[in-house]
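# Give me a model of this one.
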Amino acid sequence: MALGWVWAFALLWGAQRFVQLPVFALMPSIMTAFLAPGLVMLAMVARLAQRRFFEDDIRDGTRLSGGAEIDQRVLRNTTEQLVLALCIWPAAAVILTGQGPGVIMCLGLGFAFARLVFWGGYHMSPSLRAFGFAATFYPTVLVALWTLWRLVTGGLWGGT
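Numbering: from 1, shown residues only. Have a look, this model is predicted:
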């Protein structure tokens, strides 16, 4: 989990330091930041559907087991994480004026990578999923705190 915090700080630091998108890119950034996470989620849904077609013991809609159950858990957690991101990242993009577009684009790419690590880790050993979970969750927590800090210090209403 500690590596998840390191990942979160590095991702946000690198995004605000090295990814500068013009302000007019705000709306396209908000709209496309979720593309990579959406594609990963699409792969998860497709994998679960593929299992239902080719694994006799779950074809008839019975309770999932084995790898299919893991895929279902990963998909459920990814849905939860993505809903959280959808609630926070767009506001962050707007409030973190100047850095927001680049930050959420990096958050989206980082999210997709971390979800793949979570998915693979879960299949190898449930304890290996911890980094993937933390690397998805903590960047959203940090960008929420950064956004709140910017609001409190007047970043949206005339301060810097």
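# Nearest the geometric middle of the chain, what residue?
Residue closest to the mean C-alpha point of the chain, counted by CA atoms, centre = their mean, is Phe111 at 3.2 Å.
# helix or strand for it, which one?
helix 100-124 (DSSP states H and E).
# Look up the closest residue to Ala15, ignoring the ones flanking it.
The shortest distance from Ala15 to any non-neighbouring residue, by CB to CB, 6 or more residues apart in numbering, is to Cys106 (3.6 Å). (Glycine included, C-beta is placed from N, CA and C.)
# I should have written Arg115 there, sorry.
Using CB to CB, 6+ apart, the nearest residue to Arg115 is Val40, at 4.9 Å.
# Pull the number of nearby residues for that neighbour.
Taking other CB atoms under 10 Å as the criterion, the count of residues near Val40 is 19.
# Now do the same contact list for it.
Thr78, Phe111, Ala112, Arg115, Leu116 (CB atoms under 8 Å, 6 or more residues apart in numbering).
# just checking, Gln72 touches Arg51?
No - if you go by CB atoms under 8 Å, Gln72 and Arg51 don't touch, sitting 9.3 Å apart.
# any low-confidence regions in this protein?
The chain contains residues with pLDDT under 70 at 18, 20-24, 54-65, 97, 100, 155-160.
# switch to 80 and redo it
1, 15-26, 52-66, 97-102, 126-128, 154-160 (pLDDT under 80).
# what's the spacing between the closest residue to Ala25 other than its chain neighbours and Leu128?
Spatial nearest neighbour of Ala25, excluding adjacent residues (CB to CB, 6+ apart): Pro101 at 4.8 Å. Counting by CB to CB, to the nearest Å, the gap from Pro101 to Leu128 is 33 Å.
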